[in-house]
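Student: Sequence and predicted model, in that order:
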Amino acid sequence: MSPAPGPIRTRGRWTLDDRLAEQVHAVPVELPPGTRAFTVELAYDRSSGVLDLGCEGPSGFRGWSGGARSRYTIAPAWATPGYLPGEPEPGLWRVLLGLYRVPLDGLPYELTVTPHATPPAAPGSPGPPGAPPPSPVVPASARRDLPELDGLRWRAGELHAHTVHSDGSLTVTELALLARSEGLDFLAVTDHNTVSHHAELPAVASAAGITLIPGQEVTTDLGHANAFGDLGWIDFREHPDAWARAVRDGGGLLSVNHPLAADCAWRHPFTERPRTAEIWHSGWWDRTWGAPLSWAQAWRDDLVFVGGGDYHRPEENHPPGSPCTWVLAADHGDPAGGGSAIVEGVRAGRTAVSSGPSGPLLLRHGDEFLVLGGDGLVLWGSEHRSVIRGDRVTLPARRGPHRLETTRNEVMALCT
């Protein structure tokens, strides 16, 4: 057996000028012959700044963990979540460093790459998908007795959630079982700037009994967007027009995320603005604040509304489906393969958003509005305003987006 090669160390100091010149920098690494795996460790003063971490091999993308990790391993049969396993191919590798926050006086760092002649054993594995909860959970769509329309049915779900593959605390399995326990029909797993979670989705979907949609939250300093579909990796370093082309060419769907959210509000230019946007984000705490609706009106007049909980961990106290996105979609009997029907339903604009699976609900169902749990609320639209009286009400549908509000103008439900 060949002796293990020694570690490769790089030291330097990132400046604010470096960050302004380019957000992501690549540190080249030549792995010695015989390398079967390698470990990357990043050290810097986290009280002074934030550096993101990723990897690019000679053949392209191999992973991203952002600021959530300071260490990763890539081996033939396993990799740190967020990274793709496989034999390290010969050629020039690049450790990717994102200069997310750099102080005025600069940020010293040390990078250590340790090649392994023998692949290390995988750390504690999350294990097989496991069994669903012992008691069957009736999905909210069935519990609320929603009608079908032309072979389509309403399905409740979450379109924005994270796992251990980026900065979430739950495994894919744990997140899927939690979403199912909330009565959701579908869940999009949208880890930041990586697709390493995609390989787990079919088996977990079948075991947990919930449709899982492959996704990636394309994450930059100037805004985030969800790419839905089995698309492969979308390069977040490119201009958003390139994201849109890649998603369109792959048959997926691009949606702008939390466009008014603090330091990750949407500030990128687009040649053609996406038609789908996360108007109701879990950070919309005061829903008397009308800015999200104003932004939607200004973005484009045929905008498709979706919601996103942006779930990361239990202690945030908002489970998947808060808010809840409803999609009128083809009924797909196989949870492992039903994600495309949900994506097509969103693309067609057949969506609604509520505070949760059991909250007041406003659906555009054919030529009618169907209002559930809206007694005493006010229906608002550009051509129609009325008080809802009763817990299950139908009204003639009018064109354009509509919402349900309380008497103090708190938004309780939206529909496209």
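Tutor: Good, I have the coordinates. No experiment lies behind these values; they were computed from the predicted model shown.

Student: from what I can see residue 116 touches residue 35, true?
Tutor: Yes - contact criterion C-beta atoms under 8 Å: residue 116 and residue 35 qualify, at 6.9 Å. Glycine gets a C-beta too; all of them are placed from N, C-alpha and C.

Student: quick one: buried residues of the helix or strand bottoming out on mean pLDDT in the chain?
Tutor: Counting by mean pLDDT, DSSP states H and E, the chain has its least confident helix or strand at helix 140-143, which shows a mean of 92. Applying a neighbour-count criterion of 16 or more other C-beta atoms under 10 Å, one finds 140, 141 buried in helix 140-143.

Student: for that helix, packing partners?
Tutor: Helix 140-143 is packed against strand 152-158, with contacts defined by 3 or more C-beta pairs under 8 Å, 6 or more residues apart in numbering; DSSP states H and E.

Student: which element is residue 412 on?
Tutor: strand 411-415 (DSSP states H and E).

Student: same check, this time on residue 170
Tutor: Applying DSSP H and E, one finds residue 170 in no helix or strand.

Student: can you tell me which helix or strand the nearest residue to it once chain neighbours are set aside belongs to?
Tutor: Of all residues not flanking residue 170 in the chain, residue 163 sits nearest, at 5.7 Å (C-beta to C-beta, 6 or more residues apart in numbering). Assigned by DSSP H and E, residue 163 belongs to no helix or strand.

Student: I'd like to know how many residues surround residue 163.
Tutor: Other residues lying near residue 163 total 26 when counted by other C-beta atoms under 10 Å.

Student: Return the residues in contact with it.
Tutor: By C-beta atoms under 8 Å, 6 or more residues apart in numbering, the contact list for residue 163 reads 81, 170, 171, 172, 174, 175, 189, 191, 197.

Student: Comparing residue 116 and residue 35, which residue is more hemmed in?
Tutor: Between residue 116 and residue 35, residue 35 has the larger neighbour count (other C-beta under 10 Å), namely 22 against 19.

Student: give me the element the residue lying closest to the more buried one once chain neighbours are set aside is part of.
Tutor: In this structure, residue 35 finds its nearest non-sequential neighbour in residue 115, 4.2 Å apart by C-beta to C-beta, 6+ apart. Secondary structure from DSSP H and E places residue 115 in strand 107-116.

Student: can you check residue 207 too?
Tutor: Here residue 207 is assigned to helix 201-208, by DSSP H and E.

Student: For the stretch 1-150 of the chain, which segments count as strands?
Tutor: 8-14, 24-30, 37-44, 50-57, 60-66, 71-74, 92-101, 107-116 (DSSP state E, counting those that start in this stretch).

Student: Let me know which of those strands is the nearest to residue 331.
Tutor: strand 60-66 (35.0 Å; C-beta to C-beta).

Student: Pull out the buried positions in that closest one.
Tutor: 61, 62, 63, 64, 65, 66.

Student: and stretch 171-189, how far apart are its ends?
Tutor: Counting by C-alpha to C-alpha, to the nearest Å, you get 11 Å between the two ends of stretch 171-189.

Student: out of the strands of the stretch 1-150 of the chain, deepest packed?
Tutor: Stretch with highest mean neighbour count among the strands of the stretch 1-150 of the chain: strand 60-66 (a mean of 23; mean count of other C-beta atoms under 10 Å).

Student: What is the neighbour count of residue 363?
Tutor: 24.

Student: circling back to that earlier point, roughly how far apart are the residue nearest to residue 35 and residue 304?
Tutor: According to C-beta to C-beta, to the nearest Å, residue 115 stands 48 Å off from residue 304.

Student: Then residue 69?
Tutor: Separation of residue 69 from residue 304 (C-beta to C-beta) stands at 34 Å.

Student: for residue 191, same thing?
Tutor: 23 Å.

Student: between these two, which one's more packed in?
Tutor: More crowded of residue 191 and residue 304, by other C-beta under 10 Å: residue 191, with 28 against 21.

Student: Let me see the contact set for that one.
Tutor: Taking C-beta under 8 Å, 6+ apart, we find residue 191 in contact with 82, 162, 163, 165, 166, 168, 197, 215, 216, 217.

Student: which stretches of the chain form helices?
Tutor: Secondary structure of the chain, counting by DSSP state H: helices at 16-21, 140-143, 172-181, 201-208, 240-249, 291-299, 339-347.

Student: Mind putting those into JSON lines with distance to residue 391?
Tutor: Output for these, formatted as JSON lines (distance: least, C-beta to C-beta, whole Å):
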{"stretch": "helix 16-21", "distance to residue 391": "54"}
{"stretch": "helix 140-143", "distance to residue 391": "14"}
{"stretch": "helix 172-181", "distance to residue 391": "25"}
{"stretch": "helix 201-208", "distance to residue 391": "31"}
{"stretch": "helix 240-249", "distance to residue 391": "40"}
{"stretch": "helix 291-299", "distance to residue 391": "25"}
{"stretch": "helix 339-347", "distance to residue 391": "26"}
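
Student: Residue 275 is nearest to which of these?
Tutor: helix 339-347 (8.2 Å).

Student: hang on, isn't residue 67 packed against residue 53?
Tutor: Yes - Residue 67 is within contact range of residue 53, at 7.5 Å (criterion: C-beta under 8 Å).

Student: hey, what's in contact with both of those two?
Tutor: Shared contacts of residue 67 and residue 53, counting by C-beta under 8 Å, 6+ apart, come down to residue 98.

Student: Just the pLDDT for the residue most central in space within the chain.
Tutor: Residue closest to the average C-alpha location in the chain (C-alpha atoms, centre = their mean): residue 190, at 2.6 Å. Residue 190 carries a pLDDT value of 98.

Student: Give me the residue ranges of this protein where confidence is low.
Tutor: Scanning the chain with the threshold set as pLDDT under 70 gives 1-5, 125-136, 332-334, 336.

Student: do that again at 90, thanks
Tutor: 1-6, 123-137, 262-263, 331-338, 382-384 (pLDDT under 90).

Student: Dig out what residue 402 forms beta bridges with.
Tutor: residue 381, residue 415 (DSSP bridges).

Student: My guess is it contacts residue 371. True?
Tutor: No - contact criterion C-beta under 8 Å: residue 402 and residue 371 do not qualify, at 9.8 Å.
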